[in-house]
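*Asks:* coordinates only, sequence not included:
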């Protein structure tokens, strides 16, 4: 398991909160708070950060 803030930022800027939530199971409200800065990436649990990183890498690999 890995967590990478740059991958998480890419994900938040390139995928809809709905899509991220549907694929990762992370609440849209949490994603919204991340995007608006109410929650900082460094304050996420490792499990959530890792899930977001993995999903980001998966999307970045798609052609």
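*Replies:* Yep, that arrived. Remember, predicted model here, so these are calculated numbers, not experimental data. Numbering: from 1, shown residues only.
*Asks:* Report the rounded mean pLDDT for the helix or strand that contains residue 20.
*Replies:* Using DSSP states H and E, residue 20 maps to helix 17-24. Across helix 17-24, the average pLDDT comes to 97.
*Asks:* How far off centre is the helix or strand following it?
*Replies:* Using DSSP H and E, the helix or strand that follows helix 17-24 in sequence is helix 28-36. When C-alpha coordinates are averaged (C-alpha atoms, centre = their mean, to the nearest Å), helix 28-36 and its chain have centres 9 Å apart.
*Asks:* How about stretch 5-13?
*Replies:* The answer for stretch 5-13 is 6 Å, by C-alpha atoms, centre = their mean.
*Asks:* Outside of it itself, list whatever touches it.
*Replies:* Defining contact as C-beta atoms under 8 Å, 6 or more residues apart in numbering, one finds that stretch 5-13 is touched by 20, 31, 34-35, 41-42, 44, 49, 52-53, 55-57, 59-60. No exception for glycine: its C-beta is placed from N, CA and C like everyone else's.
*Asks:* Just the buried residues from the residues you listed, in PyMOL please.
*Replies:* PyMOL command restricting these to the buried ones, with burial defined by 16 or more other C-beta atoms under 10 Å:
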select buried, resi 20+31+34+41+44+49+52+53+55+56
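*Asks:* Identify the residues contacting the residue nearest the centre of the chain.
*Replies:* By C-alpha atoms, centre = their mean, the chain has its centre lying nearest to residue 52, at 3.5 Å. Contacts for residue 52 (C-beta under 8 Å, 6+ apart) come out as 3, 7, 8, 11, 20, 24, 26, 44.
*Asks:* Show me what the helix holding residue 20 is packed up against.
*Replies:* helix 28-36, helix 46-61 (3 or more C-beta pairs under 8 Å, 6 or more residues apart in numbering; DSSP states H and E).
*Asks:* out of those helices, nearest to residue 15?
*Replies:* Proximity to residue 15 (C-beta to C-beta) singles out helix 46-61 among the helices and strands packed on helix 17-24, at 6.1 Å.
*Asks:* For the nearest residue to residue 20 once chain neighbours are set aside, which residues are in contact?
*Replies:* Sequence neighbours aside, residue 31 is the residue nearest to residue 20 in space, at 5.7 Å (criterion: C-beta to C-beta, 6 or more residues apart in numbering). Shown in contact with residue 31 (C-beta under 8 Å, 6+ apart): 12, 17, 20, 21.
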